[in-house]
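Novice: turn this into a structure:
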Amino acid sequence: MHLPSHAIHPLINVLKLNFTYPVLEDDASSAKYDPSSGYLTVTLTKEVPGQIFDDLDLLAKLLAPRPTAPQPAIEVISTSNPLEGDNEEIDLVSKTEALSLEREREEILKAAENDWQLPQEIQEPQLSTSVQKYYGFLDMHSGYFRHVTHTENEVNELGADAETCPAAERRQKRLKHEDDKFDEEYYMADYADDDNIGELLTWKHPHTDHHENFKYTDEENAVMLRLPRKEYLPTKKQTHNLYLTLLTILFSYAYESRTNQCDPTPESAWTLSTLVSAFSALDPPDSALAPASLADPLKFTVDELTHALVTSYRRSFAFPLYRSFILAEACRIDVAGFLNGGKRTVVRCLLEMKAILDHHEVYYVYSKIWLDDFCVWAQACASETALITLAKQIAELKISKSSIGWRLEALEAATQNIEERESDSDDEDSEDSEG
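Specialist: Sure thing, here's the model as predicted:
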């Protein structure tokens, strides 16, 4: 394994790698730093000779904490009888001291069992009496929009209420904002503009071509080394929703890269953030349309996939420069192509998206509350099989124009009638001039 020089100095005393399979530190193991190349080469022996370590290029996964061993919900600490007699106070003190020492001992044992990492626990939902609401990846973030009215954030659709707006109200505001921004004449004009839209459709995204010799660049590796090192403990429903949110993020990336042919512009950060409802309205897709039991969080119905992408379609018709149904369909096929490349291709798309947002003085917050965690989760937790299966489902998905909520078919028919009348009028003028 090679580590670049810029990653060595801050990590040399704390670097901890978690491999997929066990390794041994024996006489054949070594570590050598080459100052001329700037690489630290570490050699370790596999516990099982010949075993294939497939994930050595996924640095965020290697650096992520090892999954915490599940702990019992209830633990019997003592079975002593109630306190009796005149020595009750003395007994209480001694028992308290013993309990404290026992807890301390248990914490040490748990830490040792978990390879000296702090165990993570799923917190039970509690009744909240605060107006503060959480948002972002697994609802882990808050505070990023407290001063949003003093920034030039043209993406935020919640205004000054971003920190306190409940989830249901976020969705209501988002839907109303989309309805208000949809411009029928704009959509008709782009429907009639075959030339410009046609050029966007013929372009092929390079990340939909997959090669066996996939390799991250040094720059991508450097970014992954700086990602947060967290252990995520989502519920089944949260895991399910993360995949749905990933679809909308990849759709936004597909739209921006297709319309600019992977050559970002000053407007790219705005486009990427606007097209993702989880960014602009802090309103990610949910599994409301999933089976009630949700026994398998990695299985998705056609209805919920459609519902998730309809939001992306609507936003692509209401906000950006090009507003076309066939363009949205091309972006959907791109998303299927990204997913078909597995977690490596997905992470590459997320890293490119992150690079654009990180360099924007306002929209970098969406990278902090969503993309940083998504990059780690996609590498360390996402199922390769689930991504491939989703790719097939998205490629075969049929999004109807009637499901968008606007009269797209009527607008397209009206545009065609106008074009036909103009064509007939031109023919008549031509005949008159010849006569």
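
Novice: buried residues, whatever helix or strand residue 223 lives in. List them.
Specialist: Assigned by DSSP states H and E, residue 223 belongs to helix 218-225. Neighbour-count burial for helix 218-225, with 16 or more other CB atoms under 10 Å as criterion, is recorded at 220-221, 223-225. No exception for glycine: its C-beta is placed from N, CA and C like everyone else's.

Novice: please tell me how far residue 359 sits from residue 266.
Specialist: 10 Å (CB to CB, to the nearest Å).

Novice: quick one, which of these two is more surrounded?
Specialist: residue 359 (13 against 7; other CB atoms under 10 Å).

Novice: which is the next helix or strand following the helix holding residue 223?
Specialist: helix 236-260.

Novice: count the neighbours of residue 400 for me.
Specialist: 10.

Novice: the one 4 residues further on too?
Specialist: Other residues lying near residue 404 total 19 when counted by other CB under 10 Å.

Novice: and if you look at residue 244?
Specialist: Neighbour tally, residue 244, other CB under 10 Å: 23.

Novice: could you do the one 5 residues further on as well?
Specialist: Using other CB under 10 Å as the criterion, residue 249 is surrounded by 25 other residues.

Novice: so it sits against residue 276, correct?
Specialist: Yes - using CB atoms under 8 Å, residue 249 is in contact with residue 276, at 5.6 Å.

Novice: nearest spatial neighbour of residue 33, chain-adjacent residues omitted?
Specialist: residue 40 (4.7 Å; CB to CB, 6 or more residues apart in numbering).

Novice: give the bridge partners for that neighbour, please.
Specialist: Note on residue 40: beta-bridge partners residue 3, residue 33, judged by DSSP bridges.

Novice: that one contacts residue 30, correct?
Specialist: No - with contact defined as CB under 8 Å, residue 40 does not count as touching residue 30 (10.9 Å).

Novice: neighbour count winner among those two?
Specialist: Shown here are residue 40 and residue 30; by other CB under 10 Å, residue 40 has more neighbours (19 against 10).

Novice: report pLDDT for the more buried one.
Specialist: Residue 40 carries a pLDDT value of 74.

Novice: against residue 34, how distant is it?
Specialist: From residue 40 to residue 34 the distance is 8 Å (CB to CB).

Novice: kindly report the same for residue 362.
Specialist: 41 Å.

Novice: any idea of the mean pLDDT for stretch 331-338?
Specialist: 98.

Novice: helix, strand, or coil at residue 42?
Specialist: Put simply, residue 42 is strand when judged by DSSP: H, G, I helix; E, B strand; the rest coil.

Novice: would you confirm that it contacts residue 31?
Specialist: Yes - in this structure residue 42 lies within contact range of residue 31 using CB under 8 Å: 4.9 Å.

Novice: element containing the most centrally placed residue in the chain, please.
Specialist: By CA atoms, centre = their mean, the mean C-alpha position of the chain lies nearest to residue 374, the distance being 3.9 Å. If you go by DSSP H and E, residue 374 is part of helix 372-380.

Novice: alpha carbons of stretch 267-274, as CSV, please.
Specialist: C-alpha atoms of stretch 267-274 as CSV (Å, rounded to 0.1, in the frame of the first residue of the first chain):
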residue,chain,number,x,y,z
GLU,A,267,-23.1,28.6,-12.6
SER,A,268,-22.3,24.9,-12.0
ALA,A,269,-22.5,25.0,-8.2
TRP,A,270,-25.9,26.8,-8.4
THR,A,271,-27.2,24.2,-10.9
LEU,A,272,-26.0,21.2,-8.8
SER,A,273,-27.5,22.6,-5.6
THR,A,274,-30.8,23.8,-7.1
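
Novice: quick one: that stretch to chain centroid distance?
Specialist: 16 Å (CA atoms, centre = their mean, to the nearest Å).

Novice: after the helix or strand bottoming out on mean pLDDT in the chain, next one along is what?
Specialist: Counting by mean pLDDT, DSSP states H and E, the weakest-scoring helix or strand in the chain turns out to be helix 5-11, with a mean of 48. Moving toward the C-terminus from helix 5-11, the next helix or strand (DSSP H and E) is strand 23-24.

Novice: give me the sheet partners of that next one and which way each runs.
Specialist: Under the criterion DSSP bridges, strand 23-24 sits next to strand 45-46 (antiparallel) in its sheet.

Novice: if I take the following helix or strand past the helix holding residue 374 and helix 236-260, what angle do their directions form?
Specialist: Counting by DSSP H and E, the next helix or strand C-terminal to helix 372-380 is helix 384-396. Helix 384-396 and helix 236-260 are oriented at 50 degrees to each other (axes from the mean of the first three to the mean of the last three CA atoms, to 10 degrees).

Novice: what residues does helix 384-396 touch?
Specialist: 243, 247, 298, 300, 302, 305, 309, 332-333, 335-340, 342-343, 346 (CB atoms under 8 Å, 6 or more residues apart in numbering).

Novice: right, I'll call it a day here.
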